[in-house]
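In: model the structure of this input:
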Amino acid sequence: MQNPDEDTEWNDVLRAKGILPPKKEAEVTEDQLTELLEATIKQKTGEKALEDMTLDELDELEDDEDERVLLDYRQKRLAEMRLLSQQARFGSVSEITAHEYVQEVNKAGKGVYVVLHLYKQGLPLCALINKHITELAGKFPATKFIRSISTTCIPNYPDHNLPTIFVYFEGDMKGQMAGPIVFGGMNLTRDELEWKLNGYGAVKTTLEENPLKKRQIHDVMEASLRRGADSDSD
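Out: Below is the predicted model of the structure:
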């Protein structure tokens, strides 16, 4: 009996008429697959297989690879530096008026966060926050920090809402903080304000935890020590 898997013209006719099942394809072994891949690589690159290379050729290949890796890394670093230089275009706090609001806030640019501080002269907490945002503007030059006297920017803006900070991104408001209680009063530190702004995405802090927690723990410990000293004096 003729082998149905045999590659003959008669078997091909029988397969075409459905009398014989389709011919079984020979399985490709892992070694054959490796050989095919190596042959394809050699054909495309014209390079020798690694096992056929001399020590000098292997050293040259390694040197070329090191140079390629270094070049790729250099190009990536240059691209990162260009991006940072484009983003770091602010670095200071600008004073604005109501007429400049649209230009400075709504048209600040794509990908730009804007931090606007409304303040009033003579209010200590407003002065403290102006000091903090001046330092933060230098620390985060990719963020646009601006300020304005409250009634200059918004006529009849109530004093009990001061200080006020608005956070915008691409012209849309992302958050606001209004009134002395929100800021924690005159105990507000620069790191605490940085943490608050980080929560709205306005800055990318490197602080690992909310600095307010550390201050609260410190305050509790100081209060406890004072109570202990008072009881001893009695």
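
In: show me where the chain has helices.
Out: Using DSSP state H, the helices found in the chain span residues 9-16, 30-45, 55-87, 101, 124-139, 150-153, 180-183, 190-199, 211-233.

In: the longest one - what's its average pLDDT?
Out: In this model, helix 55-87 has a mean pLDDT of 63.

In: now do the nearest residue to Leu136 once chain neighbours are set aside against Ile149, distance only.
Out: Among residues not flanking Leu136 along the chain, Glu194 sits closest, at 6.0 Å (CB to CB, 6 or more residues apart in numbering). The way it works is simple: take the backbone N, C-alpha and C, and place the C-beta from them, glycine included. Separation of Glu194 from Ile149 (CB to CB, to the nearest Å) stands at 24 Å.

In: of the two, who's got more company?
Out: Between Glu194 and Ile149, Glu194 has the larger neighbour count (other CB atoms under 10 Å), namely 23 against 17.

In: from Cys153, how far off is that one?
Out: According to CB to CB, Glu194 and Cys153 sit 23 Å apart.

In: swap in Arg147?
Out: Between Arg147 and Cys153 the computed distance is 9 Å (CB to CB).

In: now for these two: what residues contact both?
Out: By CB atoms under 8 Å, 6 or more residues apart in numbering, Arg147 and Cys153 have these common neighbours: 96, 116, 118.

In: isn't the first one up against Phe145?
Out: If I follow you right, that is Ile96. No - using CB atoms under 8 Å as the test, Ile96 is too far from Phe145 to be in contact (10.9 Å).

In: who has more neighbours out of those two?
Out: Legend: neighbour count by other CB under 10 Å for Ile96 and Phe145, higher for Phe145 (27 against 17).

In: OK, contacts around the more buried one?
Out: Going by CB under 8 Å, 6+ apart, Phe145 touches 90, 92-94, 114-115, 117, 133-134, 136-137.

In: what ranges in this protein fall below the confidence cut-off?
Out: For the chain, the stretches with pLDDT under 70 are 1-55, 57-59, 61-74, 77-88, 215-234.
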